[in-house]
Structure formats: structure tokens, C-alpha cells
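[1] Model the following, please.
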Amino acid sequence: MVQAKPQPTPPQQQPPGSCWKDTDLYPDVFDWISEDEWESDEPPLESDLHRSQIDLIIRLLKWYWRDKSNFYVSGNTTVFYDPQQRITRNFRGPDLYICLDAEKRDRKSWMVWKEGGKYPNVVIELLSDSTAKVDRTTKKALYQ
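    Numbering: from 1, shown residues only. Below you'll find the model as predicted:
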């Protein structure tokens, strides 16, 4: 009988704003994940309605621009923007973002350095009771 190799578990507590996916501290945890599969450690969506709203906006934008090939729209995926191209710092997972003059193709995340230094043109956060304060302050300042 062959036993499955147990998957390593990430540390339980990290300092505020950190990401448990720190490849320098835990290299054995990451040897099975490719760099293009990173996601943020932000809290999950608030509700089905929240997810439905994001999905509706994305579908409408894709339909509206269906004949264009120079935009990218996504939601609840990670935008990496670290100047040293690190995937463990300087990232956010906005509810929705739009990148104009970008190749229209599927991505698992948006890495500014892989997109010619291009940041999203528009970022949308849908407010909810539990995230409204951070969305109106910290995230708004960052996205501006």
C-alpha cells in the first residue's frame, strides 16, 4: 500500500498585512505551486449576492466589449505590484478591475511587471458592512 505524502501546513499566525505564502521561509510548501497560480490571502467573499454582483459586472463588461481584443477585466483575483517583483508583498485582490490596452486572455492574476508595468485603469470594491471602512480608506488610497 502506498501512502500519500502529507501536505505541509502554513503557519497559523502571521503579522498583519503579511502573506503566509512566503517562499523564503517555507520553501517546501511551495514546490507544488507554479508562480502563475498565486492568490491573495484576503478574506473570502462576503455573500452569494456579493459574488453575483461581481460576476454580473464582469459579464456585462465582457459582453459590451465583445468585439474588442485590447482589454482585460477580472474580479477577486490578485493584482501584484511589487517593484522587486516579489509575489509575497504588495498585492491586493480587488472585487473587480479593468485594464485597458491589455491583451484579452485568461489569467490567474495580474502581475504588473509581466504586463509591461501596466496597472489596472479602474478598480471597483463593492461595499459591505464588514469591509466598508477598509474599502473607503486603506484600499481607496492604495487604488488611487
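[2] residues near residue 144, how many?
    Neighbour count of residue 144, defined by other Cβ atoms under 10 Å: 6. Where C-beta positions appear, they are placed from N, C-alpha and C, glycine not excepted.
[3] Need the residues that contact stretch 109-124.
    Contacts to stretch 109-124, defined as Cβ atoms under 8 Å, 6 or more residues apart in numbering, come from residues 36, 38-39, 57, 72, 74, 77-81, 85, 87, 94-102, 143.
[4] do the same with stretch 125-142
    Identification of contacts with stretch 125-142 by Cβ under 8 Å, 6+ apart yields 43, 46, 47, 50, 53, 54, 92, 94, 95, 96, 143.
[5] Of all pairs in those, which one is the farthest apart?
    Greatest spatial distance in the contacts of stretch 125-142: 47 and 143, 22.3 Å, computed using Cβ to Cβ.
[6] neighbour count winner among the two?
    Neighbours were tallied for residue 47 and for residue 143 using other Cβ under 10 Å; the higher tally belongs to residue 143 (17 against 10).
[7] if I look at the nearest residue to that one once chain neighbours are set aside, how far off is residue 81?
    Residue nearest to residue 143 in three dimensions, not counting chain neighbours: residue 123, with 4.3 Å by Cβ to Cβ, 6 or more residues apart in numbering. Distance from residue 123 to residue 81, counting by Cβ to Cβ, to the nearest Å: 11 Å.
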